[in-house]
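In: I need the structure of the sequence given here:
(chains A and B)
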Amino acid sequence: MSNSENQTPLVEIKDLSIAFGGIKAVDHASLDLFPGEVVAILGHNGAGKSTLIKILSGAYKRDGGEIFVNGEKADINNPRDAKKYGIETIYQTLAVADNVDAAANLYLGREILTSYGTLDDTAMEAEARKVMGRLNPNFQRFKEPVSKLSGGQRQSVAIARAILFNAKILIMDEPTAALGPQETEQVGQLIHQLKKDGIGIFLISHDIHDVFDLADRVAVMKNGKMVGYAKTTDVTKDEVLGMIILGKCPDGAIPGPGAMQEA
Amino acid sequence: MNSLNNSVGADKVENEGIFTRFLRATEIDARLLGMIAALIMIWVGFHLYGLLVNGFGAFLTPRNLWNLSVQTASVAVMATGMVLVIVTRHIDLSVGSILGFSATAMAIMQVWILPEILGLGHPLIWVITVIFGLMVGCAIGAIHGYLIAYLGIPAFIVTLGGLLVWRGATFLLARGETIAPVDATFTKLGGGPYGAIGATGSWIVGLLACLALLGLLWQGRRKRVQFNFPQRPIWAETFLAIAGCAIIVGIVMLVNAYYWPKGIVRQYAEANNIDTPVSEIFISHGFAIPVLIMLAVGVMMTFLTTRTRFGRYVFAIGGNPEAAELAGIKTRWVTVKIFALMGTLCGLSAVIASARLGSASISLGTLDELYVIAAAVIGGTSFAGGVGTIYGAILGALLMQSLQAGMVLIGFDAAMQQMVVGSVLVFAVWIDTMYRRRAK
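Out: Numbers count the residues shown, from 1 in each chain, chains lettered A, B, ... in the order given. Sure, this is the predicted structure:
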């Protein structure tokens, strides 16, 4: 599926399936991701992108298939398991706890404790100031509940939370959907920086221009099935659109089970 | 955009009034001040009404205020737990029934069972009884929590069922009787002249409270300096220290100004062979034990909500349950713990309520759920979830009880009392909603 076959993939998803009632939201999808690589997952609304990624991050339980992390079979049943494997997720819905401040959100579920076992808020705030200073130097509103922040500021909190704990695999579900152009640019720079650190990134997006700027490879889904995989250098934007809309696999791409069969 | 915001903010700082600057510098919650103002208005209002209409202002007397503090204890203890329940977007309608059931279970334990085994008046009876009562409450709460969290039944329904089930169970358990008299030491937990710690004890408590306040202020400042965070101005710190200590000393003087009734003093004098005429002996009540229990619960619950992981998770779940789950919090288990805690606090309130009566009647705690919920809500706990404070709930309970006691003192009849309390609840929530909308 990829050029770096001699390397062990960071994540390998094999034949993953999940059904809600009678609807096969994800139908035998396979995908892999290598260190320092950005793989974009594309598709229409309801194609199964978010669902696939929610299985990987432990929010949904899969019906079938396997997940390998660094070549070893991974047992992911809930979000805590996923974090153990270094998989961090930034959700489309900006999953932040609105009524607590930025530091509390960054450390939610993994709080720094004092030697008495109580919350060390000052230490958490100091760390939060450090990481936010790197990510978004304009960010100053540490004492306020996150609900008072703008969309972009909330997004930087969500991203900071993901990178704070040395994620190896980062899942970004529509990371720029809520952002203005300047903040989108910042997220782009951040992705390049994370790539350099050897972090693998799954990028879910509607925006095909974004994808060609940021991703090394694309994987296209339609009706829960994989249409095909392609390097962004091997295909044009129009060809990828063809994959998304029609399920038609161009020559530069490797077809998957969901590809339209040529008559 | 950011710099624009900052400059707007800076303008605001320059233009704000003295009061706003005072609030900002001392970091006192405006809502807290509002509640205290409302409380003072109610107190003064009832006193003046009594003075003008009945010719005697009974409200602002040490005796009434002392009684008020004891009457508040039971509801306030439960209200602190209700804050956590409502913060996580649940409700507990069963607290009154859990209180009744625990009280009856404890009464049976100390009146029917333990004297048989240990002998009447054994010093361990009250200890075993209290632990047993807390465990009963905790177990019932945990069952409710399990049904809500793991079986997915709405809290409203589970606890509505619990309201009926545990009241019925109380009736069955007590065979319809009122069980009395409870253990003599146990009775002290309910207050009364013998259930108070006296003048010296109260001064010690007051002194410790002052030291704790100063210690907290000092430690808070040190931590801020250590991490280079903005600090309160010195004048604000000094103000907080002096005002806080003054309030504590004032309260101690108040509870010490309420002396034992003559009848009790006579009993006491006879029992201890004191020859001084009864009219010349003044023995201070000091803090009542249930009030100390309430304050201890308040401190512990505040610590739990603000300084521990559990508390952080409670508020995170209340703010966004889905985000909390995705962040890896075991939200269901936290829910079970919240309801178990609520049940335990009901058990504690059952101790206070039944000790105060000296018996456990099967109707003990009836309608308490409404007062508890009202106290939490008046205290600023939001039904939308994620917002609420422990001190607010305790103040809310005090406010409700003040209204109730005040109306009794000035001679309103029961029907009128209900109408006023109900209206005040709705009014308080309306004020709160307005405040929140403006704060946004």
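In: where does chain B come near chain A, residue by residue?
Out: For chain B, the residues in contact with chain A under the definition CB under 8 Å from any CB of the partner chain are B:2, B:6, B:223-224, B:226-227, B:229, B:303, B:306-309, B:311-313, B:315-320, B:322-330, B:385-387, B:440. From N, CA and C alone the C-beta is placed, and that goes for glycine too.
In: which among those end up buried?
Out: Of all these considered here, the ones buried according to neighbour count by 16 or more other CB atoms under 10 Å in any protein chain shown are B:307-309, B:311-313, B:315-320, B:323-330, B:385-387.
In: just the ones of those residues in helices?
Out: If you go by DSSP state H, these have B:307, B:309, B:311-313, B:315-319, B:323-326 in helices.
In: of these, closest to B:Ala355?
Out: The shortest gap between B:Ala355 and any of these belongs to B:Gly311, at 29.1 Å (CB to CB).
In: grab the nearest non-local neighbour of the closest one.
Out: Nearest in space to B:Gly311, with sequence neighbours left out and distances taken as CB to CB, 6 or more residues apart in numbering or on different chains, is B:Thr305 at 3.8 Å.
In: likewise B:Phe171?
Out: Using CB to CB, 6+ apart and skipping residues adjacent in sequence, the residue nearest B:Phe171 is B:Ile362, 5.2 Å away.
In: give the contact list for the one you found.
Out: B:Ile362 sits next to B:Gly100, B:Thr104, B:Arg167, B:Thr170, B:Phe171, B:Ala174, B:Gly176, B:Glu177, B:Thr178 when contact means CB atoms under 8 Å, 6 or more residues apart in numbering or on different chains.
In: check contacts around residue 161.
Out: The chain I'm using is chain A. Contacts of A:Arg161 were listed using CB under 8 Å, 6+ apart, and they are A:Glu88, A:Val96, A:Asn105, A:Leu106, A:Leu108, B:Ala327.
In: my question was about chain B, not that one.
Out: With contact set as CB under 8 Å, 6+ apart, B:Gly161 has these partners: B:Ser94.
In: helix or strand for it, which one?
Out: Per DSSP states H and E, B:Gly161 falls inside helix B:155-173.
In: one step back: closest one of the contacts of A:Arg161 to B:Ala246?
Out: A:Asn105 (38.2 Å).
In: so which elements touch the strand or helix carrying that closest one?
Out: Take DSSP H and E as the rule and A:Asn105 turns out to sit in helix A:102-106. Applying 3 or more CB pairs under 8 Å, 6 or more residues apart in numbering or on different chains; DSSP states H and E, one finds that helix A:102-106 makes contact with helix A:121-135, helix A:151-164.
In: out of the contacts of A:Arg161, which is nearest to A:Gly21?
Out: Proximity to A:Gly21 was ranked across the contacts of A:Arg161 by CB to CB; first place goes to B:Ala327, at 27.9 Å.
In: hmm, back to that, just the buried ones from the contacts of A:Arg161, in ChimeraX syntax?
Out: Typed into ChimeraX, the line below selects the buried ones among these, using 16+ other CB under 10 Å:
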select /A:88,96,105,106,108 /B:327
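In: go through the contacts of A:Arg161 and say which is closest to A:Ala215.
Out: Top of the list for closeness to A:Ala215, among the contacts of A:Arg161 and by CB to CB, is A:Glu88 at 18.3 Å.
In: send me the helix or strand hosting the closest one as CSV with only the CA atoms.
Out: Remark: A:Glu88 resides in strand A:87-90, with elements defined by DSSP H and E. Only the C-alpha atoms of strand A:87-90 are listed here, as CSV (Å, rounded to 0.1, in the frame of the first residue of the first chain):
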residue,chain,number,x,y,z
ILE,A,87,-3.1,7.7,20.2
GLU,A,88,-4.4,11.1,20.8
THR,A,89,-7.5,12.6,19.1
ILE,A,90,-8.7,16.1,18.3
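In: contacts for it next, please.
Out: A:11, A:53, A:56-59, A:69, A:76, A:79, A:82, A:155, A:158-159, A:161-163, A:165, A:167-173, A:175, B:326.
In: now do 7 Å
Out: Residues outside strand A:87-90 that contact it (CB atoms under 7 Å, 6 or more residues apart in numbering or on different chains): A:56-57, A:158-159, A:162, A:165, A:167, A:169-173, A:175.
In: buried set for stretch B:381-397?
Out: Within stretch B:381-397, the residues that qualify as buried are B:381-382, B:385-397, counting by 16+ other CB under 10 Å.
In: with stretch A:165-181 instead?
Out: Using 16+ other CB under 10 Å as the test for burial, stretch A:165-181 gives A:167-179.
In: pLDDT-wise, what's the bottom of those?
Out: Between those, the one the model trusts least by pLDDT is A:Ala178, at 68.
In: count the neighbours of the residue nearest to B:Gly311 for me.
Out: B:Thr305 sits with 20 neighbouring residues when counted by other CB atoms under 10 Å in any protein chain shown.
In: surely it and B:Arg312 touch.
Out: No. Between B:Thr305 and B:Arg312 no contact is recorded; they are 8.5 Å apart, counting by CB atoms under 7 Å.
In: C-terminal to the host helix or strand of B:Val70, what's the next element?
Out: Following DSSP H and E, one finds B:Val70 within helix B:62-87. Downstream of helix B:62-87, the first helix or strand assigned by DSSP H and E is helix B:95-107.
In: centre of the chain versus that following helix, how much separation?
Out: On the basis of CA atoms, centre = their mean, to the nearest Å, the separation between the geometric centre of helix B:95-107 and that of its chain is 18 Å.
In: quick one: list the elements packing against it.
Out: The elements that helix B:95-107 packs onto, with contact taken as 3 or more CB pairs under 7 Å, 6 or more residues apart in numbering or on different chains; DSSP states H and E, are helix B:125-149, helix B:155-173, helix B:331-357, helix B:368-378.
In: give the buried residues for it.
Out: By 16+ other CB under 10 Å, the buried positions in helix B:95-107 come out as B:95-107.
In: ok, now stretch B:24-39?
Out: Buried-residue list, stretch B:24-39, by 16+ other CB under 10 Å: B:Ala25, B:Thr26, B:Ile28, B:Arg31, B:Leu32, B:Met35, B:Ala38.
In: A:Thr236: neighbour count?
Out: As a burial measure, A:Thr236 scores 13 neighbours (other CB under 10 Å).
In: would you mind measuring from it to chain B?
Out: Relative to chain B, A:Thr236 is positioned 36 Å away (criterion: CB to the nearest CB, to the nearest Å).
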